[in-house]
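> Okay, predicted coordinates and the sequence, questions at the end:
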Amino acid sequence: MTLSRFKTLALSLGMLSALFVASPAQATEVDPIRIFAAASLKTALDQVSEAYEKETGNSVTLAYGGSSTMARQIALGAPADLFLSANTAWMDYLADQGMIVADSRADLLRNSLVVIASATATPLTDLAALPAALTTGRLAMAQTDAVPAGIYGKAALESAGVWDEVAPRVAETDNVRAALALVSTGAAPFGIVYATDAHADPRVRIAFAIDDALHPRIVYPVALIKESEPARAFLRYLQTPTATTLFEEQGFIPLSEH
């Protein structure tokens, strides 16, 4: 072999070796943090996740639905790293099955309930007026036996003494954002949703706020499903001043210290 050909072969082998050395570095890229969250968090959590990605360069994937649906999917093995529920019961459900990282659980946010109305709906001032105002219309609510917003709403209607009259007129949905959509599109004249949901859709108006004393306290717990530093970092970020401000702008009341 001539010296010239030997140098060419050596250069080619060196370049090939460099490619093999570079490939492990590419394989160590961090996978997206997989978040399962209550549908009512969508507007705020989308903003928080976007801010986190810009600040850290780490990716976040978000799946939204009723807390009951999200919790059941996690229990069946859905690949979630972190779960945010709209009530403590569904977090307890996962905790009882050993599905959360116990020391990561924290109460993150509070919320409140409102009655929303479409543009053409009859004005209302309290829950006692709902049965008469509905006439042939429907009251949009998340599932009253499973989804937190529906559970809270049913409790409020029971406390006000109107549930039995209203129940036949209730249009139940898979999650609270679907109930919001029924009112915002005019398919239902009234709905019961979180105040934060009403804040997120300019096509609905708040008829009145529901007294917090009429239903259990609305608390959003958060916990890790799988322990990892990226997921733990995002959990910490949820309690930073940046995230707190974004949650507050959407009407949530932060509970965590920061």
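Looks like it came in fine. Numbering: from 1, shown residues only.
> Which residue ranges make up the domains of this protein?
What automatic domain parsing lists as the domains of the chain is 33-110+219-254, 113-214.
> so can I have JSON lines of these showing mean neighbour count and mean pLDDT?
All C-beta spots, glycine's among them, are computed from the backbone N, C-alpha and C. Output for these, formatted as JSON lines (neighbours: other C-beta atoms under 10 Å; pLDDT from 0 to 100):
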{"stretch": "domain 33-110+219-254", "mean neighbour count": "19", "mean pLDDT": "96"}
{"stretch": "domain 113-214", "mean neighbour count": "20", "mean pLDDT": "95"}
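> Wait, residue 74 touches residue 98, no?
No - with contacts counted by C-beta atoms under 8 Å, residue 74 stays clear of residue 98, the gap being 11.8 Å.
> Need the residues touching each of these two.
Common contact partners of residue 74 and residue 98 (C-beta atoms under 8 Å, 6 or more residues apart in numbering): none.
> give me the element residue 233 is part of.
Element membership for residue 233, per DSSP states H and E: helix 229-237.
> which residues sit against that helix?
Residues beyond helix 229-237 that count as contacts (C-beta under 8 Å, 6+ apart) turn out to be 30-31, 33, 35, 48, 52, 56, 58, 60, 81-82, 104, 222, 224, 243.
> go on, stretch 149-159?
Under C-beta under 8 Å, 6+ apart, the answer for stretch 149-159 is 40, 86-87, 113, 127, 130, 141-145, 163, 166, 172, 175-176, 179, 192-194, 197, 210-211, 213-216, 218.
> mind redoing it with 6 Å?
113, 141-144, 163, 166, 176, 192, 210, 214-215, 218 (C-beta atoms under 6 Å, 6 or more residues apart in numbering).
> Same question for stretch 80-98.
Residues contacting stretch 80-98 (C-beta under 6 Å, 6+ apart): 33-38, 40-41, 67-68, 71, 74-75, 100, 148, 219-226, 231.
> what's the span of stretch 87-104 from first residue to last?
Criterion C-alpha to C-alpha, to the nearest Å; first-to-last residue distance in stretch 87-104 is 16 Å.
> do stretch 83-92 as well
12 Å.
> And stretch 216-235, end to end?
Counting by C-alpha to C-alpha, you get 26 Å between the two ends of stretch 216-235.
> That one: how far from the chain's middle?
Centroid separation for stretch 216-235 versus its chain: 11 Å, with C-alpha atoms, centre = their mean, to the nearest Å.
> swap in stretch 72-84?
13 Å.
> Can you give me the end-to-end span of that stretch?
13 Å.
> same thing with stretch 92-102?
11 Å.
> do stretch 202-221 as well
27 Å.
> Outside of that stretch itself, list whatever touches it.
In contact with stretch 202-221 (C-beta under 6 Å, 6+ apart) are residues 85-86, 88, 91, 107-111, 113-117, 124-125, 152, 155-156, 159, 183-184, 198.
> Please consider this matter closed, and thank you.
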